[in-house]
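Peer 1: I'd like to go over a predicted model; first the sequence, then the structure.
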Amino acid sequence: MYLLVYVDDLILTGNHQPTILSFILSLHNEFAIKDLGKLNYFLGLEVTYTKDGLFLNQSKYALDILTRAKMLDAKPAPTPLSTNVSFVSTGDVFPDVTLYRSIVGALQYLTITRHDIAYAVNQVSQFLHAPTTDHFQEVKRI
């Protein structure tokens, strides 16, 4: 049996139904809990049940990132990084460091289901302390 706790949300799963039901009953005797049934959405992860198991995706989370970055109408890029990108600390300082950090942090969480952007996110993460406008252009490309 596995129990995942995040603040006031719980996910309980396992392969022995009587044990799970007993544990739920014990929790219910101690706390006011509500069983929401099968998992559909948790911490930005959408869960779809298939005959082979579970399918996880973060499409809603990715759309939220695009909304925060004001890029819903942007054209997709063929690769997460420019081919001629050179990450250096010099250049025009990006004026909104908080926005940069927020978007990069969200992209880090997105790598749970999007492994293809992990390297690019790692590169832009190295400049969280002092991002430049060139760095933010690469974040927008990701």
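Peer 2: Okay, I see it. Residues are numbered from 1 along each chain as shown.
Peer 1: Helix, strand, or coil at the spatially most distant residue from the centre of the chain?
Peer 2: Going by C-alpha atoms, centre = their mean, the residue of the chain most distant from its centre is N29, 34.0 Å out. Under DSSP: H, G, I helix; E, B strand; the rest coil, N29 falls in the helix class.
Peer 1: what pLDDT does it get?
Peer 2: Predicted confidence (pLDDT) for N29: 93.
Peer 1: cool, and T111?
Peer 2: So, for T111, pLDDT stands at 95.
Peer 1: wouldn't it be in contact with V121 here?
Peer 2: Yes: here T111 reaches V121: they are 5.8 Å apart, a contact under C-beta atoms under 8 Å. C-beta coordinates here come from the backbone N, C-alpha and C atoms, glycine included.
Peer 1: My guess is F136 contacts S102. True?
Peer 2: No: judged on C-beta under 8 Å, F136 makes no contact with S102 at a distance of 11.6 Å.
Peer 1: who has more neighbours, these two?
Peer 2: Each of F136 and S102 had its neighbours counted (other C-beta atoms under 10 Å), and the higher figure belongs to F136 (22 against 14).
Peer 1: how much space is there between that one and T98?
Peer 2: To T98, F136 is 12 Å away according to C-beta to C-beta, to the nearest Å.
Peer 1: tell me the mean pLDDT over stretch 79-93?
Peer 2: On average, stretch 79-93 scores 87.
Peer 1: Just say helix, strand or coil for V47.
Peer 2: strand.
Peer 1: Who are the contact partners of I117?
Peer 2: I117 is in contact with 80, 107, 110-111, 142, counting by C-beta atoms under 8 Å, 6 or more residues apart in numbering.
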